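sequence unavailable; structure follows:
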Ligand SMILES: Cc1cc2nc3c(=O)[nH]c(=O)nc-3n(C[C@H](O)[C@H](O)[C@H](O)COP(=O)(O)OP(=O)(O)OC[C@H]3O[C@@H](n4cnc5c(N)ncnc54)[C@H](O)[C@@H]3O)c2cc1C
């Protein structure tokens, strides 16, 4: 499950050295020690000593990403400072058949940057230069380790910002955003990362450096950039990204609306978007999430609310004025019993503080929790939220909902106490059943956190074997050696060169008990 225990960013209990169903994703320690040694030698020739880590204690710093209950110590960590250094290491990996995994800031919540015990972790945190802010082109060219919020910081003096805003934007990297096709509260209006990355320099799994897309709006030929964005590091490592900058809006209005039920709040969400108004953000929190946020940050949300919506409108002042009147009317029509418009920046920040603190705040009402991530058509919100409530009451497992309502991107927080025998398993079961609900309502198993190792086993619930084989063909076209973040996304490593379609015999790795069949 897309989960974390305790708080969103702190490590939780180690459930095992490797995810039980994902041995093929993590490799065996000492698997190709000669290859690792060779790559280590190349890395030391290419970069300073501080850029190559082989000390076991230091290696453990990198053993997990934001999904802290999967942990694997990598065989080697490199921290390149340039594309040439990074490409040199990848070339050596290709030559010696050593798998590699890219890592930005390690905030991913699906185990995408989980290292390989037999591989190299390529960390981009020393590639943090914003190379250009091109005001007239509304573009910035940045290195992959650049922190998301730093792009906005660099562009703001020019009157621009970088729109995709994951809640982790103070720490996550642009390379990680590109690989996960990350979203955020304001992606409702502005779109996900894929709408904002126009070009990338990519180090292919063979170690070649290629340019995809660029400053111009579109490139002829197959959309290889579109293929790479969201590919979770399985098609190579991005070493620069050319991103779109968006003009800072003239006016921003933030409204907090209190509803008695999530049904009403969900219906209001659909009505607003159905009316043609496109807010920058519509975020929802249910009663349990509100209780947690109140305990943590005293955000003073409406008393007795079964759900709140945080609605943000932005754009030219006259347009925002007009849209605000419409949103107010629709909220009232759908049962809002309190509407609070932030009158200044302090009030706006307080409204957002409740929402932004909600994940961590849940730690106040539960010692452990799983952060689930699924997506549904927004019109299905009331029905799916009701079904989640039923799941919760029939299982006795509490679920708090805080999520991007406008996008139908759910983040149910499944609460449990790991000290109680069986509680973790019960929570996992509810968490999995929520994904089933998303699929059965026309949605998907992840809205923005990616598949990684965590949800690979769920892919066959959404895709047929033929679908998965076709995706593997794309992967094999980029990475015939299967060394770029192998074992992620797909439930079993169908090998390049294998004929897609029904297998006549079990895959040798399946026979050996090392992988699941899909
Ligand atoms: C508190 C918290 C809040 C979050 N909120 C959101 C949210 O609102 N929206 C959202 O979408 N996500 C959210 N996330 C998840 C996470 O922050 C995003 O997925 C983010 O994009 C990961 O960036 P990173 O630099 O940490 O990547 P990492 O975790 O280091 O890596 C993520 C994946 O990208 C690959 N990768 C990294 N760099 C590169 C590169 N240069 N080239 C190719 N592949 C690469 C890795 O191999 C891995 O598969 C949240 C996480 C936390 C902890």
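Thanks, I have the structure now. Since the structure is predicted, the reported quantities are computational estimates derived from the model, not experimental observations.

only C-alpha atoms for contact and neighbour calcs from this point on.
Will do.

so where do the strands sit in the stretch 351-500 of the chain?
Secondary structure of the stretch 351-500 of the chain, counting by DSSP state E, counting those that start in this stretch: strands at 368-371, 374-375, 399-404, 409-410, 412-416.

closest to residue 67 out of the ones you listed?
Between residue 67 and the strands of the stretch 351-500 of the chain, the shortest separation by C-alpha to C-alpha is 9.5 Å, and it involves strand 368-371.

stretch 314-326 - what's its average pLDDT?
Average pLDDT, stretch 314-326: 97.

which parts of that stretch are buried?
Buried residues in stretch 314-326, counting neighbours by 16 or more other C-alpha atoms under 10 Å, are found at 314-315, 320-321, 323-324.

for stretch 411-422, same thing?
Neighbour-count burial for stretch 411-422, with 16+ other C-alpha under 10 Å as criterion, is recorded at 411-418.

now do stretch 377-385
In terms of neighbour count (16+ other C-alpha under 10 Å), stretch 377-385 has its buried residues at 377-382, 384-385.

as TSV, those residues with distance to residue 62 and pLDDT would be great.
Below are the buried residues of stretch 377-385 laid out as TSV (distance: C-alpha to C-alpha, whole Å; pLDDT from 0 to 100):
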residue	distance to residue 62	pLDDT
377	36	93
378	37	87
379	41	88
380	39	92
381	38	90
382	40	89
384	37	94
385	37	93
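
tell me who's in contact with the closest residue to residue 177 other than its chain neighbours.
Excluding its sequence neighbours, the residue lying closest to residue 177 (C-alpha to C-alpha, 6 or more residues apart in numbering) is residue 193, at 6.7 Å. Applying C-alpha atoms under 8 Å, 6 or more residues apart in numbering, one finds that residue 193 lies in contact with 164, 177-178, 181-183, 229.

for the most centrally placed residue in the chain, give me the pLDDT.
With distances taken as C-alpha atoms, centre = their mean, the chain has residue 449 as the residue nearest its mean C-alpha position (2.6 Å). In the prediction, the pLDDT value recorded for residue 449 is 94.

ok, now which ones touch it?
The neighbourhood of residue 449, defined by C-alpha under 8 Å, 6+ apart, consists of 2, 108-110, 180, 182, 373.

compare the residues you listed and tell me which has the most neighbours.
Using other C-alpha atoms under 10 Å as the neighbour definition, those reach their maximum at residue 110, which records 31 neighbours.

surely residue 199 is in a strand?
Yes - counting by DSSP: H, G, I helix; E, B strand; the rest coil, residue 199 falls inside a strand.

number of residues surrounding residue 34?
Using other C-alpha under 10 Å: residue 34 sits among 12 other residues.

hang on, the earlier thing: what's the closest of the buried residues of stretch 314-326 to the ligand?
Looking at the buried residues of stretch 314-326 and their distance to the ligand, the nearest is residue 314, at 19.3 Å (C-alpha to the nearest ligand atom).

in a helix, that closest one, correct?
No - according to three-state DSSP, residue 314 belongs to no helix; its state is strand.

check which helix or strand residue 210 maps to.
Residue 210 is part of strand 209-213, with elements assigned from DSSP states H and E.

check which element follows that strand along the chain.
Heading towards the C-terminus - elements assigned by DSSP H and E - strand 209-213 is followed by helix 224-228.

elements contacting that following helix?
strand 197-203, strand 209-213 (3 or more C-alpha pairs under 8 Å, 6 or more residues apart in numbering; DSSP states H and E).

picking that back up, need phi/psi at the residue nearest to the centre of the chain.
phi -90, psi -10 (degrees, to the nearest 10).

surely residue 356 and residue 167 touch.
Yes - contact criterion C-alpha atoms under 8 Å: residue 356 and residue 167 qualify, at 7.1 Å.

and the two? which has more neighbours close in?
Between residue 356 and residue 167, counting by other C-alpha under 10 Å, residue 356 is the more crowded of the two (17 against 14).

enumerate every residue touching the more buried one.
By C-alpha under 8 Å, 6+ apart, the residues touching residue 356 are residue 167.

can you list the residues of the stretch 1-150 of the chain near the ligand?
For the stretch 1-150 of the chain, the residues in contact with the ligand under the definition C-alpha under 6 Å from any ligand atom are 8-9, 65-66, 101-109, 112-113, 144.

rerun that using 5 Å as the cut-off
Contact residues of the stretch 1-150 of the chain with respect to the ligand, defined by C-alpha under 5 Å from any ligand atom, are listed as 102-108, 112-113, 144.

can you list which of these are found in strands?
Assigned to strands by DSSP state E, the following of these qualify: 102-103.

residue 294 is in what secondary structure piece?
Residue 294 belongs to helix 287-297, assigned by DSSP H and E.

sec struct for residue 350, please.
helix.

quick check: closest non-adjacent residue to residue 312.
Going by C-alpha to C-alpha, 6+ apart, residue 312 has residue 254 as its nearest residue, at 4.4 Å.

which SS class is the one you found?
In the three-state summary, residue 254 is assigned as strand, counting by three-state DSSP.

give me the pLDDT for it.
Each residue has a pLDDT score; the one for residue 254 is 97.

what's around it, how many residues?
A count of nearby residues for residue 254, using other C-alpha under 10 Å, gives 26.

also residue 477?
By the measure other C-alpha under 10 Å, the count of residues near residue 477 is 11.

about what we covered before: the ligand: which of the helices and strands packed on helix 224-228 is closest?
Using C-alpha to the nearest ligand atom as the criterion, the shortest distance between the ligand and these is 7.6 Å, found for strand 197-203.

give the rounded mean pLDDT of that closest one.
For strand 197-203, the mean confidence score works out to 97.

still on that earlier bit, tabulate the buried residues of stretch 314-326 (CSV), appending distance to residue 274.
Listed next are the buried residues of stretch 314-326 as CSV, based on distance: C-alpha to C-alpha, whole Å:
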residue, distance to residue 274
314, 18
315, 19
320, 17
321, 18
323, 13
324, 15
